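In: I would like the atomic coordinates for the input below:
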Amino acid sequence: MVVSGPSGVGKGTVVGRLLSRRPELWLSVSATTRRPRPGERDGVEYFFVSEERFNELVAREELLEWAEVFDARYGTPAEPVEEARTQGRDVILEIDVQGARQVRDRVTDAVLIFLEAPSMEELERRLRSRGTEDDERIARRVAKAGWETEQRAWFDHIVVNDDLDRATTQVEAIIDPILNHG
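Out: Numbering: from 1, shown residues only. Now for the predicted structure:
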């Protein structure tokens, strides 16, 4: 299962709540070349890797998907996902839209959920409230969010994150019939 959408839409928050409700889900941890934000821990939120290490992962085809997002690269290590699926675990990926497209093309039984903000104004407000980026970077993220939102048509489901509890419940309702039923 893939939860995707623009930066600041609340993917991490929704997935975090979903995991607390459904601990049987296995969350894939992505690799990234960006620096950790305050409070992020290597191997928990992301695997923080060098450009050189990321290049190795790409060259060895060890990533299920990867994309350059703004000034960093992100990717899903394939082996842990394959191992979890082989063990019969239900896997959830929290990734960007470019990566979701790659998963759609490579994993035929993937279920893709697009998480959308109620408006671009609200998305910008959320990005600003993070306090992690300057005005230029926020403007770039908002501009890209327009393109990402246009991509929602090829997702299996669309959930508007206008209320965190409601959005989490909607995502849970989408994945509930899938869990442990193949």
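In: hmm, who's touching the helix or strand bottoming out on mean pLDDT in the chain?
Out: When each helix and strand of the chain is scored by mean pLDDT, DSSP states H and E, helix 120-130 comes last, with a mean of 86. Contacting residues not belonging to helix 120-130 are listed as 6-10, 117, 133, 138, 141-142, 145-146, 162 [CB atoms under 8 Å, 6 or more residues apart in numbering]. Yep, even glycine has a C-beta here, placed from its N, CA and C like the rest.
In: so among those residues, where is pLDDT lowest?
Out: Least confident by pLDDT among the contacts of helix 120-130: that is Glu133, with 78.
In: burial count for the nearest residue to it once chain neighbours are set aside?
Out: Excluding the flanking residues, the one nearest Glu133 by CB to CB, 6 or more residues apart in numbering is Leu127, at 6.9 Å. Here the count is done by other CB atoms under 10 Å, and Leu127 has 22 residues near it.
In: how about Leu115, secondary structure?
Out: Using DSSP: H, G, I helix; E, B strand; the rest coil, the structure places Leu115 in strand.
In: just checking, it touches Val3?
Out: Yes - with contact defined as CB atoms under 8 Å, Leu115 counts as touching Val3 (5.9 Å).
In: quick check: neighbours shared by the two?
Out: With CB under 8 Å, 6+ apart, Leu115 and Val3 have common neighbours Lys11, Val14, Val171.
In: what about the strands in the chain?
Out: For the chain, the strands defined by DSSP state E cover 2-4, 25-27, 30-32, 46-48, 63-69, 72-77, 90-94, 112-116, 157-160.
In: returning to what we had before: any of the contacts of helix 120-130 buried? List them.
Out: The neighbour-count test (16 or more other CB atoms under 10 Å) marks Pro6, Ser7, Gly8, Val9, Gly10, Ala117, Glu133, Ile138, Arg141, Val142, Ala145 as buried among these.
In: check contacts around the fourth one.
Out: If I follow you right, that is Val9. Leu115, Glu116, Ala117, Leu123, Arg126, Ala145, Asn161.
In: and the fifth one, how many neighbours?
Out: A count of neighbours around Arg126, defined by other CB under 10 Å, yields 17.
In: measure it to Ser28 for me?
Out: Distance of Arg126 to Ser28, computed by CB to CB, to the nearest Å: 23 Å.
In: what do you get for the third one?
Out: In this structure, Ala117 and Ser28 are 23 Å apart, going by CB to CB.
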